[in-house]
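**Student:** compute the structure for the input listed below.
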Amino acid sequence: MKKIYGTTIFIGSINIETLYGPFIVYVFQDIIDIKYVFALVHGDLSNDEFYIRLHSSCLTSETLRSMDCDCVQQLNEALRTIVEKKSGILFYLLQSGRGASYISKSRGCQMVQHHHDCITTFDAYEKMGLQHDYRDYRNVKDICVILDIVDKEFNLMTNNPDKISKFTKLGLNLKEIISVEFPPNPFNRKYLESKMKSGHKLT
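**Tutor:** Just a heads-up that it's a prediction; the model follows:
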């Protein structure tokens, strides 16, 4: 296995047991922005097909259990699906606030609350002079090269058209897109509606 490719360097790996089953966590770091990237692998890397999720960190839902988004539900469902399918990878990327940092996310949420939910987080980002999404997935392609799976086929678990587009531009083999959707709760309904209006594949 290569130790470095592109802007991504391999640091090490550990075995973990999750609620859904065992994973090997491969730890990487980007040599430009120094962010860590984690690839949680379940199954045999020699398989021809993988179920994958490109998942950006969400401190508020995954750690603090906030109910104003569906991030932790998507994370859990992706891990469960990967184990069920017996072959997959969850790429955990430290890209809070759609890559604009947790500070920007907090400011955006404050602005939405100040406007009594009459604007969306996308509107708030525009008012703050920010783009809708700063997320970058170049490390994913690098990691696929390092793990020698770059020529495999991938079933991508997402509702996000921008993520699908960026994944395709990486040159990886996209076989199928799998929706990851949950019924809204009273706290995230408007957020999910705004995502649907922005093009997310939600019903």
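**Student:** how about Met14: what's its closest non-neighbour residue?
**Tutor:** Quick fix: residue 14 is Ile, not Met. Val25 (5.2 Å; CB to CB, 6 or more residues apart in numbering). Glycine gets a C-beta too; all of them are placed from N, C-alpha and C.
**Student:** list the contacts of the one you found.
**Tutor:** Counting by CB atoms under 8 Å, 6 or more residues apart in numbering, Val25 makes contact with 13-16, 38-41.
**Student:** can you do 7 Å?
**Tutor:** Val25 makes contacts with 13-14, 16, 38, 40, as judged by CB atoms under 7 Å, 6 or more residues apart in numbering.
**Student:** would you turn these into TSV with distance to Glu193?
**Tutor:** Listed next are these as TSV, based on distance: CB to CB, whole Å:
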residue	distance to Glu193
Ser13	40
Ile14	39
Ile16	35
Phe38	31
Leu40	30
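**Student:** quick one: which of those residues is nearest His114?
**Tutor:** Phe38 (34.6 Å; CB to CB).
**Student:** for the closest one, which three-state class applies?
**Tutor:** Following DSSP: H, G, I helix; E, B strand; the rest coil, the label given to Phe38 is strand.
**Student:** the closest residue to it other than its chain neighbours - how many residues pack around it?
**Tutor:** Distances taken as CB to CB, 6+ apart place Tyr92 nearest to Phe38, at 4.2 Å, with adjacent residues excluded. Tyr92: 20 surrounding residues under other CB atoms under 10 Å.
**Student:** and Tyr92, what element?
**Tutor:** strand 88-93 (DSSP states H and E).
**Student:** give the buried residues for stretch 58-65.
**Tutor:** Buried residues in stretch 58-65, counted by 16 or more other CB atoms under 10 Å: 58, 60-62.
**Student:** same question, stretch 167-183
**Tutor:** So stretch 167-183, judged by 16+ other CB under 10 Å, has buried residues 167, 172, 177-178, 180-181.
**Student:** picking that back up, among the contacts of Val25, which ones are buried?
**Tutor:** 38, 40.
**Student:** report the central residue of the chain.
**Tutor:** By CA atoms, centre = their mean, the chain has its centre lying nearest to His55, at 1.5 Å.
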